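J.: below is the sequence, then the predicted model.
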Amino acid sequence: MKSILLTSLFLAAGLPASGLTLGAAVNSVAEFDKAESDSLSWRVVDDGVMGGLSKGNFGVNGGGILTFRGTLSLENNGGFSSIRTEKVKMDLSGADGLLVRVKGDGRTYQMRFGTDARYRGMEISFMAEFKTNKGEWAEVKIPFDRFKGSFRGMKLKDEVFDPSKVSRVGLLLADKNPGAFELNVDWIRTYGDAGPSDLVATALSDGRFKTLAKALTSAGLVETLQGEGPFTVFAPTDEAFGKLPAGVISSLLKPENSEELGKILKYHVLAGSIRLAGALEAEDAKAITGESISVTFSDGKIKVNDSTLINSDIQCSNGTIHVIDSVLLPPKPGTDLVAIAKRSGKFSTLLSAVQAAGLSDTLSGASGITILAPTDEAFSKLPKGTLESLLKSENRKTLQEILAMHVLNGKVSAGDALNAKKAMSFSGEPLTFMVKDGLLKVNSSTIVSTDIVADNGVIHVIDSVLLPEKRSMAKDPVDVSSSKSPIELIESAIDRGVPIFNQGDHQGCADIYRDCLEELIATKKINGEFVGAMETLVSATNKLKDNTKRAWMLRSGLDHLYKSLGES
């Protein structure tokens, strides 16, 4: 099986980048593999359309060889047999002519093109003859300037072939010698010094990229890579595809798997023309799928994820090609709480709030928690200006506390929550679960969807944002902590910090303890005798790089303060 039509991308680079010459680009017009033949829809057109009796037929074998054979008859004013494609769209303007590998029967055949040129409103054929040697394979060059216009046998001397507007490709026999004929064609390509062109025109058909070309066709991605771009393509060789487990390639090439195949191929494409030096400097690049690709130097080799770079910086007018020795497989979709929320599309505001609160990593890394997730519509029910205010950096602690009210420790199913009736949130605020008017409620919010299971927890979807009972959002959109006593604040911080520490997020735990102390200091909720000691503790721990030590020192300070406040 060989590569495909001009619109297929070979993505080949036979030489290292330092020795690559881009001038003599070889582009495919037809390679005669099955996928290409189906897409071009070759068909027979004999002189029967004019009343003649010639009969031709064609077929493509498993090795990608087209055989055009039949019988030429001169009876009834006949005398030709041909095969031609349906309408195509090719731009061959960057080449000097055609290079055709054929084995014939000693007869003279014609190569034919259709363009947008018309004679009396009808399509003009541009033809050029080529001779064959009986029983011998040969590569025949046909310069474009040899193609002359004709219409139903009449020569049109004033018509000039425009290779940039090819709309049909064909082969024809009309040598006025009746009898059997047979022509075998391995491929039809262009030749010529066109200089750097687009990804398609620049690609080199050196035989290493047949599987990739076939995959691009099956996934319908050829036109994407022919676009203006610019693009950067990491191109796996046939050997790279051969490293995949047995049966994977054949399965991916099935029509029902074209979407999955497309995702894999798109993971090899970056937006922009990125040279190797730029990719190495960045270390991390984004595929057009939005997923990351790492480009690193390790053990004397350039690594693209786990693949090794073979050739680099093959420059094209609309991008760059790098050749790799293994197929890049996209990372599996995340199944943690944050990833599931992102894929849903209903929680953009919640995710923005989580990010603004600095809790994205904590939430992704947490294990065994339950999220009561307000939808975007739920956030829109908040008083005007409230959300904007909460997302400001100076209100980060308030936002963290509100979000913590939506988190429960453990994977709590809707049934378990209803049976328990009450639960304590990470913020220290109590939550009440009940059925009211036939609806499952948590406090005053309705649970609209339950038990969405993630690797690290459970999501229940709610229709309004949960707020502390003593808080009036309409009056004060930012001050949530002033209603709590110092002891309540410390208890809340410890309740939230302990499970996070136990799950391995020592920095997150330390930050909770620090924020608690800073709030106690800023709001003057502790006596002056304690303020100096707490300020010294916060200042000292802020300089530590060891987050485990930070967490323990801050916890020790909270414990001493808690004990002192209890005794006073």
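T.: Okay, I see it. Because the structure is predicted, anything quoted here is derived from the model rather than measured.
J.: state the distance from Val354 to Leu390.
T.: Val354 sits at a distance of 12 Å from Leu390 (criterion: CB to CB, to the nearest Å). The way it works is simple: take the backbone N, C-alpha and C, and place the C-beta from them, glycine included.
J.: actually Arg189, not the one I typed
T.: From Arg189 across to Leu390, the span is 63 Å (CB to CB).
J.: so which of these two has more stuff around it?
T.: Taking neighbours as other CB atoms under 10 Å, Arg189 and Leu390 compare with Leu390 leading, 24 against 20.
J.: buried residues, the helix or strand hosting Phe530. List them.
T.: Per DSSP states H and E: Phe530 is located in helix 528-542. Judged by neighbour count using 16 or more other CB atoms under 10 Å, the buried positions of helix 528-542 are 530, 534, 537-538, 541.
J.: what average pLDDT does the following helix or strand past it get?
T.: Once the chain leaves helix 528-542, the next helix or strand it forms, by DSSP H and E, is helix 547-567. Averaging pLDDT along helix 547-567 yields 86.
J.: swap in stretch 510-524?
T.: Mean predicted confidence for stretch 510-524 is 80.
J.: ok, now stretch 434-443?
T.: 91.
J.: relative to Val233, which of the buried residues of helix 528-542 is nearest.
T.: Thr541 (49.2 Å; CB to CB).
J.: who touches the nearest residue to that closest one once chain neighbours are set aside in this structure?
T.: Excluding its sequence neighbours, the residue lying closest to Thr541 (CB to CB, 6 or more residues apart in numbering) is Arg550, at 4.8 Å. Listed by CB atoms under 8 Å, 6 or more residues apart in numbering, the contact set of Arg550 reads 506-507, 510, 514, 541, 544.
J.: looking at the residues you listed, which is nearest Ile310?
T.: Closest to Ile310, out of all of those and judged by CB to CB, is Gln507, at 41.1 Å.
J.: for that closest one, list the residues it contacts.
T.: Per CB under 8 Å, 6+ apart, neighbours of Gln507: 547, 550-551.
J.: recalculate using a threshold of 10 Å.
T.: 358, 361-362, 500-501, 547-548, 550-551 (CB atoms under 10 Å, 6 or more residues apart in numbering).
J.: is it fair to say it lies in a helix?
T.: Yes - using DSSP: H, G, I helix; E, B strand; the rest coil, the assignment for Gln507 is a helix.
J.: break the protein into its domains for me.
T.: 28-191, 195-324, 337-481, 484-567 (automatic domain parsing).
J.: turn those into JSON lines, including distance to Pro331.
T.: As requested, the domains of the chain are exported to JSON lines (distance: least, CB to CB, whole Å):
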{"stretch": "domain 28-191", "distance to Pro331": "29"}
{"stretch": "domain 195-324", "distance to Pro331": "6"}
{"stretch": "domain 337-481", "distance to Pro331": "11"}
{"stretch": "domain 484-567", "distance to Pro331": "21"}
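J.: in this structure Lys176 contacts Ser73, no?
T.: No - the pair formed by Lys176 and Ser73 falls short of the contact definition of CB atoms under 10 Å, at 11.0 Å.
J.: what do those two both touch?
T.: 79-80.
J.: of these two, who's got more company?
T.: Ser73 (19 against 10).
J.: from Val44, how far off is the more buried one?
T.: Applying CB to CB, the value for Ser73 to Val44 is 14 Å.
J.: tell me the strands beside whichever strand or helix holds Phe126, with direction?
T.: Per DSSP H and E, Phe126 falls inside strand 122-131. Strand pairing for strand 122-131, determined by DSSP bridges: strand 108-119 (antiparallel), strand 148-151 (antiparallel).
J.: what's the first helix or strand after that strand?
T.: Next along from strand 122-131, by DSSP H and E: strand 137-143.
J.: who's in contact with that following strand?
T.: 95-104, 109-111, 128-133, 184, 186-189, 191-192.
J.: apply 6 Å and report the result again.
T.: 97-101, 103, 111, 128, 130 (CB atoms under 6 Å, 6 or more residues apart in numbering).
J.: export it as PDB, just CAs?
T.: Extracted in PDB, the C-alpha atoms of strand 137-143 (Å, rounded to 0.1, in the frame of the first residue of the first chain):
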ATOM      1  CA  TRP A 137       8.800  -0.800 -15.800                       C
ATOM      2  CA  ALA A 138      10.000   2.800 -16.600                       C
ATOM      3  CA  GLU A 139       9.700   6.300 -15.000                       C
ATOM      4  CA  VAL A 140       8.400   8.600 -17.700                       C
ATOM      5  CA  LYS A 141       8.800  12.400 -17.400                       C
ATOM      6  CA  ILE A 142       6.000  14.600 -19.000                       C
ATOM      7  CA  PRO A 143       6.700  18.300 -18.700                       C
END
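J.: pull out the buried residues from it.
T.: 140, 142.
J.: quick one: that strand to strand 122-131, angle?
T.: Counting by axes from the mean of the first three to the mean of the last three CA atoms, to 10 degrees, strand 137-143 lies at 130 degrees to strand 122-131.
J.: what about Glu228, which helix or strand?
T.: Going by DSSP H and E, Glu228 is not in any helix or strand.
J.: same question but for Gly63, I mixed them up
T.: Judged by DSSP H and E, Gly63 forms part of no helix or strand.
J.: phi, psi of it?
T.: Here is the backbone geometry of Gly63 (degrees, to the nearest 10): phi -90, psi 0.
J.: what is the neighbour count of it?
T.: Neighbours of Gly63 (other CB under 10 Å): 10.
J.: that's a strand at Ala339, yeah?
T.: No - looking at Ala339 with three-state DSSP, it is helix, so not inside a strand.
J.: could I get the contacts of Arg550 as a markdown table with distance to Val304?
T.: What follows is those, written out as a markdown table (distance: CB to CB, whole Å):
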| residue | distance to Val304 |
| --- | --- |
| His506 | 34 |
| Gln507 | 31 |
| Ala510 | 37 |
| Arg514 | 41 |
| Thr541 | 41 |
| Leu544 | 38 |
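J.: let me know the closest of those residues to Pro374.
T.: Closest to Pro374, out of all of the contacts of Arg550 and judged by CB to CB, is Gln507, at 26.1 Å.
J.: center of the chain - which residue?
T.: The residue lying closest to the centre of the chain (CA atoms, centre = their mean) is Thr289, at 2.0 Å.
J.: surely that one touches Ile264?
T.: No - assessed by CB atoms under 6 Å, Thr289 is found out of contact with Ile264, at 9.3 Å.
J.: and Lys155, how many residues sit next to it?
T.: Lys155, neighbours per other CB under 10 Å, totals 11.
J.: no, scratch that, I was asking about Gly179
T.: 10.
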